[in-house]
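**Student:** Next input, structure requested:
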Amino acid sequence: FADMMMIVGKKVEELIARIAQKARAAGIHLVLATQRPSVDVITGLIKANIPTRMAFQVSSKIDSRTILDQQGAENLLGMGDMLYLPPGSGVPTRVHGAFVDDHEVHAVVSDWKSKAKPNYVEEILQGEMTEENMLPGEAAEMAADEEADPVFDEAVAFVTQTRKVSISSIQRKLRIGYNRSARIVEQMEAMGIVSTPAANGTREVLAPPPVKTAEDEEGMM
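**Tutor:** Below is the predicted model of the structure:
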C-alpha cells in the first residue's frame, strides 16, 4: 500500500476512496496495512473513508496521531499489542492480537514437511518464460526491460520534474526522433510512470517528482 502511494499517490488515493465508499454499500471489508504511518501514505481522504483503525506499536507520538488522531500507540508493548478505534468512537480500546513468531512458523512448516515427501511438478521448472505463459503485466514489464532506451532515465527525470509529458517535448529536450520519443512514452505508460492518454490525447504524470539531494541544492546555490 505504501509503495503504491509513493509511486502513484494521488491516483491510488482516489481509487481507494471510491472502493471504500462503494464497499460500505456492497458489504465489502477493505483492509489496508502499512509499516509507514506518514501523512503522505495515510492521507486525510483515506482516513475519512476508513472509519475503523488499528495501530500496533509505533516509534513516536506523531506516528500514533497519524493513525488514530491521538497519541498512545507509542507506549504499546509490541508482540500483537494494539489500539483498536471503532467507527463513531473517539476513544481507542486496547486489545491483543494473536502473535506468531518466526520460530513457530518454522516449527509448523517442519512438521508438515515431515508428514510427506514433496511432489514437484518438474514441467513448471523446465518451461521457458514466453509471452504465452506469462501474465499480461509480466509480459509488459519484461518487454520494457528488454527494449529500454539509453536515454530512458533522462526522459523520466525530465517528465517527473516538469510534471508534463508529450512525445514532442521529449523529442525536443533529448534531440531524438519522433518514433523513438513515442516508444519511450509507451514504455513509461507500461511501467506506470505516466497515465494512458485521455480523450484529448493528454497524459498525466503519475510518478512523484525526483527527490532533491544536498548536492543538487548546493549546485543550485
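
**Student:** residues contacting the residue nearest to residue 99 when sequence neighbours are not counted?
**Tutor:** Setting aside the residues directly before and after it, residue 99 is nearest to residue 80 in space (Cβ to Cβ, 6 or more residues apart in numbering), at 3.6 Å. (C-beta placed from N, C-alpha, C; glycine too.) For residue 80, the residues meeting the contact criterion (Cβ atoms under 8 Å, 6 or more residues apart in numbering) are 56, 96, 97, 98, 99.

**Student:** who wins for most neighbours among those residues?
**Tutor:** Of all the contacts of residue 80, residue 56 has the most neighbours under the rule other Cβ atoms under 10 Å, reaching 18 neighbours.

**Student:** Quick one: mean pLDDT over the helix or strand where residue 25 lies.
**Tutor:** Using DSSP states H and E, residue 25 sits in helix 2-26. Helix 2-26 comes out with an average pLDDT of 82.

**Student:** in it, what's buried?
**Tutor:** Neighbour counts using 16 or more other Cβ atoms under 10 Å place 2, 4, 5, 8, 9, 12, 13, 16, 17, 20 of helix 2-26 among the buried residues.

**Student:** list the contacts for the last one?
**Tutor:** By that I understand residue 20. Residue 20 neighbours (Cβ under 8 Å, 6+ apart): 30, 46, 49, 50.

**Student:** how about a markdown table for those residues, with secondary structure and distance to residue 194 added?
**Tutor:** As requested, the contacts of residue 20 are arranged in a markdown table below (DSSP: H, G, I helix; E, B strand; the rest coil; distance: Cβ to Cβ, whole Å):
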| residue | secondary structure | distance to residue 194 |
| --- | --- | --- |
| 30 | coil | 27 |
| 46 | helix | 23 |
| 49 | helix | 26 |
| 50 | coil | 28 |
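
**Student:** which of the residues you listed lies closest to residue 161?
**Tutor:** Sorting the contacts of residue 20 by distance to residue 161 puts residue 46 at the head of the list, at 26.8 Å, by Cβ to Cβ.

**Student:** Just read off the phi/psi values of the residue lying closest to residue 60 once chain neighbours are set aside.
**Tutor:** Closest residue in space to residue 60, ignoring its immediate chain neighbours: residue 74 at 5.7 Å, by Cβ to Cβ, 6+ apart. Torsion angles at residue 74 (phi, psi; degrees, to the nearest 10) stand at phi -70, psi -10.

**Student:** part of a strand, is residue 82?
**Tutor:** Yes - Residue 82 sits within a strand when classified using DSSP: H, G, I helix; E, B strand; the rest coil.

**Student:** Relative to residue 47, how far out is residue 25?
**Tutor:** With distances taken as Cβ to Cβ, to the nearest Å, residue 25 is found 20 Å from residue 47.

**Student:** ok, now residue 107?
**Tutor:** Taking Cβ to Cβ, one finds residue 107 at 39 Å from residue 47.

**Student:** neighbour count winner among the two?
**Tutor:** Using other Cβ under 10 Å, the more surrounded residue of residue 107 and residue 47 is residue 47, with 15 against 11.

**Student:** Local confidence estimate at the more buried one?
**Tutor:** For residue 47, the pLDDT comes out at 86.

**Student:** got the contact list for it?
**Tutor:** Counted by Cβ under 8 Å, 6+ apart, residue 47 has contacts 53, 69.
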